[in-house]
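>>> sequence plus predicted model, see below.
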Amino acid sequence: MVKRVLFCAAALQFLILAAVIVPAHSQSQDPAKEELKLQLPKPMFIGTPRNIRTPNLEAVTGKPRGPFFVPKGTKLVSAKKPVISSDMQPVIGELKFITDGEKSGEDGYFVELGPGKQWVQIDLQGEYNLAAVLVWHYHAQARVYRDIIVQVSDDKDFVTGVTTVFNNDHDNSSGLGLGKDKEYIETNEGKLFDAKGAKARYIRLYSNGNTSNDMNHCVEVEVYGAPAK
Amino acid sequence: MNKAVFRGLAPLVVLAALLFRLPGLGLRPMHHDEANQAMKFGALLETGEYRYDPADHHGPSLYYLTWVLAKALGRPTTASLDEAMLRLLPALFGAGTVVLLLLFSGAMGRAAALAAGLLAALSPAFTYYSRFYIQETIFVFFIATFALALWKYRERPTGTRAAAAGLAAGLMFATKETSVIIFAAVGAAVLLTRGLNKERAVASPAERKPRPLRDLALGLGPAVLSAAVLFSSFFRHPRGILDAVLAFGNYLAKSGDPGFHAHPIGYYLGLLTYSRTGGLVWSESLILALACLGIIAAVRKRGEFPVAAALASLLAAAAFSLPAYKTPWNVLPFHLGFIILAGIGTEYLFRMLRKAPLKIVAGGLLGIGLLHLAWQSGQASFRYSADPRNPYVYAQTSSDYLKLVKRVDDVAAVLPDREKSLIKVVCGLYETWPLPWSLRRHTRVGYWQEAAAAGGFEDAALVIASEEQAARIRPLIADTFHEEFYGLRPDVLLTLFIRTDAWERFLDGRRR
């Protein structure tokens, strides 16, 4: 009887372990994919920022983000690429900071756009199949940026061929459609958006103030992809 | 500077003061203290009831002056008030202080008075708090009135001038308890200046002999009467007069136990000298540098007014800096002295520079410095008016909070009961304000500090809760409410629960 119980417990443990390990393992086993290697800036605040637990906010786990797998040959394609914005005369910083590779949370590394709804737009200067967009708005302090919308397109004016990669504007206050994605707290890990291979030349990122002030900030945007065939 | 030039430039200085003080007064969300005082005033407006609170909220002058303004503008109820109307009062008193500084031309010369007026008009600290519904700007106005009346009395000691100084002193006291620091600093400065002048045997500018006893009585009478009238709510609550004295015990205890408001001794000087946060740099060093020149001028020339102004300013700055309890708006009373000294310093600078090219260079640099002050005032008062990177922002309600208020208003607007819809607020005391002000047009709002005391939530269309209370409410309401969160202050969040049917109605309106 004791042996049976021990056998059942061991089998259950094995099943639980398999359930946890296999999905990640099978993803990494896809021969067409490889892990996206990211370089993260040092954290600027310690521990879980706030005890916020609401259905509209991603749970703060305090653990590092797991690996993200992308098609082989995927590269950083946004480095030093030109950036434009709805606020072309920022009071703090310059738009070129967004693609300069510097991701520190300290002063002097972010650009500050005016209050209310604003966007930044990166021109990749060619068509790419996009795998991921990694964004740091501001990570010196725990805060949530409002109405984050990430769109990609072949049209620099974002009139046609627009694909929405992420949208957490749950009340459509930005007027670009209701978003179902959750809000999240900025950290030094940045926020990784799965672009799911969308083909585009331009990436536009919207925000609408944050929980600390009405301004919009961007430290860095990294776009990963491969040239479109 | 001749009289015609002074008269031509003085209105421009006042115009500059108004330009930085009047526009966009409603932009910034109400600060906890502003909202508190606004609701206290609302009670006075609607019921005629006011009682001086010796524990908090400072003197009564703010409320009675607002009453006059509200009556003049035809605002009979709390609901008819708004941020811009309330802040118009300190804005006008802020501009009034600039006018008073121009009237100091007899004491320090026209160029110095004009420079002091312009620096006050453009000072970010003066501008920012002129747009803030608290006592400080009104207090500074009465300090300037008191100093001017004292000087006028010194020039020509008449009973009227003594009474004017007394009235200003009474109003200072009825505005802020810290007036005693100013009385002590001014008294010590006057005595020390007399001592210094005795050594140098400088003749008194007075043409008439003072009659000390008569003038003391004429001064004390209006001082005591004005303070007594206001503290006793026009003698309806005589206890207020006693409370005004007993209040010093409370404020002394507060300064000994500063809590959140403990700051180092150099806090005020640091605030004015240089502040750098989050990519923004702030400095009123120009005013401080010119004030240092003013002190040098006072020491070298031993003019009675500059010496007294220098001593009073430095003594007041020291007295405000010594206690650990500090709030940034307390910088204003002695910064007024620094600005007067800066005016004297500006005039001294140009007198010292004899060669025209040097004067042109100094004028150019001063112009750049003034433009920088003006730019900072614009940034502090408008773009960064609620941003914690602005050094004058202190425990300020975040701009994100305005989105919560708008959401509540928008959702209530689509409900059948509209502003009569039931709203439950479950927050601790420090998270409750400025909600009572923001929700003043909603007629069914209840406030609790504990979720358990709120008596169920199914009947409420909206529930606003602090983080701690939201965690307790969440299991009680299951999935019957849509949930959002908003920044109240940095690191303080409020959760807004919107009953699902109300949220659906709201979204339907958005979809149409």
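Okay, I see it. These figures come from a predicted structure and were not determined experimentally.
>>> which residues does the residue in the stretch 401-512 of chain B that chain A sits nearest to bridge with?
Closest contact between the stretch 401-512 of chain B and chain A, by Cβ to the nearest Cβ, is at B:Gly487 (3.4 Å). Heads up, the C-betas are built off the backbone N, CA and C, glycines and all. Beta-bridge pairing for B:Gly487 (DSSP bridges): B:Leu493.
>>> pretty sure it is touching A:Thr211, no?
Yes - between B:Gly487 and A:Thr211 there is a contact under Cβ atoms under 8 Å: 3.4 Å.
>>> which neighbours do those two have in common?
Contact with both B:Gly487 and A:Thr211 is made by residues A:143, B:398, B:400, B:493, according to Cβ atoms under 8 Å, 6 or more residues apart in numbering or on different chains.
>>> B:Gly487 and A:Thr211 - which one has more neighbours?
Using other Cβ atoms under 10 Å in any protein chain shown as the criterion, B:Gly487 and A:Thr211 rank with A:Thr211 on top: 29 against 24.
>>> which residues touch that one?
The contact partners of A:Thr211, taken as Cβ under 8 Å, 6+ apart, are A:143-144, A:146, B:398, B:400, B:485-487, B:493.
>>> name the nearest of those relative to B:Leu65.
B:Ser398 (28.9 Å; Cβ to Cβ).
>>> nearest residue to the residue nearest the centre of chain B in space, please, no chain neighbours.
Centroid-nearest residue in chain B, with Cα atoms, centre = their mean: B:Glu136, separated by 3.4 Å. By the measure of Cβ to Cβ, 6 or more residues apart in numbering or on different chains, the closest residue to B:Glu136 outside its immediate chain neighbours is B:Trp329, 4.4 Å from it.
>>> so where is chain B shaky, pLDDT-wise?
Where chain B drops to pLDDT under 70, the residues are B:199-208, B:511-512.
>>> which residue ranges of it form strands?
B:275-277, B:280-282, B:423-426, B:445-448, B:462-466, B:481-489, B:492-499 (DSSP state E).
>>> partners of the fourth one, with directions?
Paired with strand B:445-448 in the same sheet, following DSSP bridges, are strand B:423-426 (parallel).
>>> and the second one, by the same measure?
Partners of strand B:280-282 in the sheet, by DSSP bridges, are strand B:275-277 (antiparallel).
>>> list of residues touching stretch B:51-66?
Contacts for stretch B:51-66 (Cβ under 8 Å, 6+ apart): B:36-37, B:40-41, B:44-45, B:50, B:86, B:89, B:133-135, B:138, B:142, B:171, B:173-177, B:230-233, B:237, B:240, B:243-244, B:246-247, B:250.
>>> B:His261: what's it in contact with?
B:324-327.
>>> closest one to chain A out of the residues you listed, please.
For the contacts of B:His261, the nearest to chain A is B:Thr327 (20.7 Å; Cβ to the nearest Cβ).
>>> against B:Leu496, how distant is the residue of the stretch 301-450 of chain B found nearest chain A?
Here the residue of the stretch 301-450 of chain B nearest chain A is B:Ser399; by Cβ to the nearest Cβ that distance is 3.9 Å. Distance of B:Ser399 to B:Leu496, given as Cβ to Cβ, to the nearest Å: 16 Å.
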